[in-house]
Every structure is written in C-alpha cells, then in structure tokens.
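Student: model the structure of this input:
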Amino acid sequence: AVALPPPTPVAESTSVDGGSGVTLDLAGGRKVRVRGRADGPPAIESANGSDGVAVDELRRALRAEYGLNLASSLGHVPPARSVLPCLTASSWQALRLTQGALVAGRPVFLRGPTGCGKSALARTLAHLWNLPAVEFSLTGETSKTDLTAARRLTGGATSWSIQGFLEAASEGLFVIVNEYNLAYPDVHSIINGLFDKGGRLLLPDGRVVHAHPDFRLVATGFAEGPGVKPLNEAVENRFGAVIRMDYPPLDEEAAILAFVAGEAIDPALLHAAAELAATGRSILSGAWDRDARHPLNDVPADLAGAAAERVSLTTAELVTSARAGDDAATFVRWLRRGVLDGSGDDIRPVLEATLAGYGLV
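Tutor: Okay, the predicted model is just below:
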C-alpha cells in the first residue's frame, strides 16, 4: 500500500470581473468581497490579494460574523478523508482504467459489492484532479424528471426548474452517480444521452441544455442483489469502461488497514481482522471449503451462514474501525461492536467463539 500522490495544484484568481460588489471587514484584518451574479450563487473572494484563504473559510466567517448564509456553488472538491486511504495494486489498476476513460471524455461504470471502494475511487480522482464533484444516488423510484426538470406552478403559470444533475452536467462538474443500476432504463437513457454527439437535452418548455465539455461522470452499482436492473448492451456500450471491482485480496486489505492505523496497532491483529472478513465473504459466496478445519465448520450450516453474514465486514467498515482505534484495544472494541451488535441469542456464542479464534477479544 502506498500513499496517494498530491492533488493537482490549482491557481485561484481573486480578481473581480464585472461589478465590484461589496467589501466586508472580517476578524484578523481580513477583507472579503461579495459580488452578486445573475447566473448563479454570489461570488465570494478575498479582498486581501492572493493570501491563500479558502472560499469555504470565508463563507464560514461571513456566517459567524455577519449572519450571512450565502448560497454556494454546486459541488466541492472531495476532502481527503472521503477518498481511498492509499493505493494498492488492484485499486491502482482500477484508478488507471477509470482515469483513461474519463480523459477520453467517456463515462465509467464501477460495478461491485457494497463497501469495496467504488465511490471512494471516484472521489479519489476528483480529489487528485482538484475538481468540484457532486454525488447523486438512484433508486427504483427515480424518474426522468428527478434528473432533468421539475414542473413548478407559480401565480397560475407553469415553469420548469432544472434539477441538480442537469445543472451539474451543464456546468462541467465531476458527477458521481451511485446505485446506478437500481434505476430503470429510461433513467439510464437520460444520463447516457448526454454523452451522445452534441450532448444536449430538450426540456418541456423548449429550452435546450447542453452538457459542458468538461462534464465527467462515474457511475457505481451492484454486481447483483435485490432491485438491481440488468444493463442492456446499448447502455453498457455508452460507457468508456465497465470495471468490475471487488474486495481487495487478503494481503492488500491487511496492508490498507496497516497504512491507516500506522504503528498504533499490531499488523498481525489487522491481518486477523481482514482474514475474518475474508472468511465470511468466502462462506457467503459458496467458495468456502466445508471440510476445512475451522470453528464455523463445527456448527450447523444455517448458523455458519448467519455468522458469516455478521463477520463479513466490508473494506469500508474495516477501515472505519482502524481509523477509530488509537490502539489495539479500541480497534478490537469497534470491530467486535460491528460484528456483535444486533446479533441474536442463538448466533452470539458462535460469533464470540469465532472472534476468539482470530484473537479479536
């Protein structure tokens, strides 16, 4: 496991184009210029020159000192804590393929189980490229109007208000669409149609919205499960890459946990936690050897299956436990909580014995 490279530097201009707006004094001698815009939220800029003050910091100061809660632009650069904690051989391969398709201007579909790092990988690219990103989640109830335009009735007149997804596409943001394959094909057609030649969408009121040339999209979805809709060939062909992701191999997952925990937790303990999760996943997938010597093979198959569901923590859950643990005891306590909380009286003794067998006590 290796650290992520630093994000691409971005030079932010503090100059004002158009109206000069109003300049307000902040604590510590800082000044901020607020300028109204007809086509979006107010522009907020430092009036002290290029002092490196982040816009979000100025926004918080305006709220605290003046009670001004100004609307913000859609999207933000994903913070470091929301991205992949490090890179491994498998995540680097997926990142490289995703990057290649996006550079070519094509959308990408990341398919895999919950908590394996699909959305985190997409955020990682936005973070490394220093691009504002916005996330949307689809369901079986998502309709085309949820993504395009909503009908409004004001003073007896009907108007159409552009929805967040279409706004993000027209502004050229980095868009992450989670649970893409829970939605129906008519919703997929709206999303993928923006990558057709011309990349435009006609609204009910006659307006035409064009996808910005910088618009980038990464969709994530499940390999299978309740509510998952199969993608037809035409939809899949719209993607520049369809990448199958999975939980990292055991040694990689243990290396990720060791990277996150640093020297605070014994690597052997982290490896045991990763091995426990891998065992649970193997049982649930049907790849487990029922003849192997293991505590879960000494109990009835139904109890073993129920226990496997509890111990098969996702990579995201394991990373959360490693981040929360300042020492081995805290890490184990968080891990045990994730496995044991909500378990029934019939399965709890099996779980306790299994955890003990991996030294997680």
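Student: now the helices for the stretch 1-150 of the chain?
Tutor: For the stretch 1-150 of the chain, applying DSSP state H, counting those that start in this stretch gives helices covering 55-66, 89-103, 118-129, 144-147.
Student: give me whichever of those is most buried.
Tutor: Among these, the stretch with the highest mean neighbour count (mean count of other CB atoms under 10 Å) is helix 118-129, at a mean of 23. Backbone N, C-alpha and C define where each C-beta goes, glycine included.
Student: I'd like to know which elements it is packed against.
Tutor: helix 89-103, strand 108-111, strand 133-137, strand 174-178, strand 216-221 (3 or more CB pairs under 8 Å, 6 or more residues apart in numbering; DSSP states H and E).
Student: if we go to 7 Å?
Tutor: Counting contacts by 3 or more CB pairs under 7 Å, 6 or more residues apart in numbering; DSSP states H and E, helix 118-129 packs against helix 89-103, strand 108-111, strand 174-178, strand 216-221.
Student: what comes into contact with it?
Tutor: 4-5, 7-8, 77-78, 80, 82-84, 91, 94-95, 98-99, 102, 110, 112, 133, 174, 176, 178, 218, 220, 245 (CB atoms under 7 Å, 6 or more residues apart in numbering).
Student: any idea which residue sits dead centre in this protein?
Tutor: Centroid check for the chain by CA atoms, centre = their mean gives S119 as the closest residue, at 3.2 Å.
Student: average pLDDT across the biggest helix by length in the chain?
Tutor: Counting by DSSP state H, the longest helix found in the chain is helix 267-285. Helix 267-285 comes out with an average pLDDT of 96.
Student: how about the very next helix or strand once past it: buried residues?
Tutor: Using DSSP states H and E, the helix or strand that follows helix 267-285 in sequence is helix 301-311. By 16 or more other CB atoms under 10 Å, the buried positions in helix 301-311 come out as L303, A304, G305, A306, A307, A308, R310, V311.
Student: burial measure for the closest residue to the first one other than its chain neighbours, as a count.
Tutor: Counting by CB to CB, 6 or more residues apart in numbering, the nearest residue to L303 once its immediate chain neighbours are dropped is V350, at 5.5 Å. Using other CB atoms under 10 Å, V350 has 21 other residues around it.
Student: list the buried residues of the helix or strand containing V350.
Tutor: Assigning secondary structure by DSSP H and E places V350 in helix 348-357. When burial is assessed from 16+ other CB under 10 Å, helix 348-357 yields the following buried residues: V350, L351, T354, L355.
Student: contacts for that helix, please.
Tutor: Helix 348-357 is contacted from outside by P295, L296, V299, L303, A307, R310, V311, R336, V339, L340, S343, V361, using CB under 7 Å, 6+ apart.
Student: OK, contacts around E275?
Tutor: L250, Y358.
Student: for the spatially closest residue to A101 that is not a sequence neighbour, grab phi and psi.
Tutor: Of all residues not flanking A101 in the chain, G240 sits nearest, at 3.2 Å (CB to CB, 6+ apart). The phi and psi torsions at G240 (degrees, to the nearest 10) take the values phi -70, psi -20.
Student: and G240, what does it touch?
Tutor: Taking CB under 7 Å, 6+ apart, one finds A101, A104, R106, P107, V108 in contact with G240.
Student: got TSV for those residues, with pLDDT and distance to R290 too?
Tutor: As requested, the contacts of G240 are exported to TSV (pLDDT from 0 to 100; distance: CB to CB, whole Å):
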residue	pLDDT	distance to R290
A101	97	41
A104	95	46
R106	95	44
P107	96	42
V108	98	38
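Student: that older thread, min pLDDT across the contacts of helix 348-357, which one?
Tutor: Out of those, that is P295, at 80.
Student: so what's it up against?
Tutor: Contact analysis of P295 by CB under 7 Å, 6+ apart lists A353, T354, G357.
Student: give me the pLDDT value at the closest residue to V83 other than its chain neighbours.
Tutor: Distances taken as CB to CB, 6+ apart place T124 nearest to V83, at 4.1 Å, with adjacent residues excluded. For T124, the pLDDT comes out at 98.
Student: make 48 the first number, not 1, from now on.
Tutor: Yep, numbering from 48; the last one is T171 now.
Student: what's the distance between T171 and L343?
Tutor: T171 is 35 Å from L343, where distance means CB to CB, to the nearest Å.
Student: same thing with T362?
Tutor: When distance is defined by CB to CB, T362 is 21 Å away from L343.
Student: coming back round to it: pick out the most distant pair among the contacts of helix 395-404.
Tutor: L350 and V408 (20.1 Å; CB to CB).
Student: hang on, the earlier thing: report the buried members of the contacts of G287.
Tutor: A148, P154, V155.
Student: for the last one, what are its contacts?
Tutor: It stands for V155. Taking CB under 7 Å, 6+ apart, one finds T145, A148, L149, V265, F286, G287, A288, I290 in contact with V155.
Student: do the same with the second one
Tutor: For P154, the contacting residues are F242, L264, A266, R285, F286, G287, by CB under 7 Å, 6+ apart.
Student: skipping adjacent residues, who's closest to it in space?
Tutor: Per CB to CB, 6+ apart, closest to P154 is L264, 4.2 Å.
Student: ok, now how distant is the one you found from L194?
Tutor: 12 Å.
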